[in-house]
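> could you work out the structure for the sequence below:
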Amino acid sequence: MGASIERVVTSGMFALDGGEWEVDNNVWLVGDDREVLVVDAAHDATAIAAAVGDRRVVAIVCTHAHNDHVNAAIELARATGAEIHLHPHDEVLWKLAHPDHVPDRPLADGDTFTVAGTRLRVLHTPGHAPGAICLYAPDLGALFSGDTLFAGGPGATGRSHSDFGTIIDSIRDRLLVLPADTVVYTGHGDATTIGDEAPHLDEWIARGA
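Numbers count the residues shown, from 1 in each chain. Next comes the predicted model:
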């Protein structure tokens, strides 16, 4: 039996640049009945650990370091013994959430994780955050996009450490080249597909110009 994908929705506050917003986050578990990889430990380590159960956590992978995506990472790591992986370009954001701790492992473009016999590849996709990454699992036809790509367009770029032109380049050059039937599992809200989003690239550029 190959890997499957599970979603845990957690709720809390996103805080940046002096503002706070209530958000629901998607936490993705990829694996089988023996082991899982956690994508974005958001808000509620207890709820995530309950969904993991007695399975081994091979890694806690952060798609970026906005507080709403990493605020449960340290507690979950302590509970499971798993290591936290983050792209080093996002250390400035990580320190806002966890000033007294550091991630365990750096992520780099092209890195791979294997869980339940399924390989996931790291794609560095800056723009929403400088160290933003996506995880692509070709055998599952799945992309875990964090806040880089949503159903309806790019992630937000109106706050510190973000850039609209950069996120457009990331989406066009790294994501929209994937197979059209690739399912995009987002950091918030509903999933979409590469094929559903690709025709709207010019609209996003015009809207953001």
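
> in the helix or strand bottoming out on mean pLDDT in the chain, which residues are buried?
When each helix and strand of the chain is scored by mean pLDDT, DSSP states H and E, helix 201-208 comes last, with a mean of 95. Under the neighbour-count criterion of 16 or more other C-beta atoms under 10 Å, helix 201-208 has W204 buried. From N, CA and C alone the C-beta is placed, and that goes for glycine too.

> and it, C-alpha only, in CSV?
Extracted C-alpha coordinates of helix 201-208, given in CSV (Å, rounded to 0.1, in the frame of the first residue of the first chain):
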residue,chain,number,x,y,z
LEU,A,201,-1.6,33.6,-15.0
ASP,A,202,-2.0,36.7,-17.2
GLU,A,203,-5.0,37.8,-15.1
TRP,A,204,-3.0,37.6,-11.9
ILE,A,205,-0.1,39.6,-13.5
ALA,A,206,-2.5,42.3,-14.6
ARG,A,207,-4.3,42.4,-11.3
GLY,A,208,-1.0,42.7,-9.4
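
> just the residues contacting it, thanks.
Helix 201-208 is contacted from outside by 153-154, 157, 164, 168, 171-172, 176, using C-beta atoms under 8 Å, 6 or more residues apart in numbering.

> in stretch 51-59, what's buried?
Applying 16+ other C-beta under 10 Å to stretch 51-59 flags 51-52, 55, 57-59 as buried.

> about what we covered before: using ChimeraX, define a selection of the buried residues within the contacts of helix 201-208.
A single ChimeraX command selects the buried members of the contacts of helix 201-208 (16+ other C-beta under 10 Å):
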select :153,154,157,164,168,171,176
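
> good, wrapping up.
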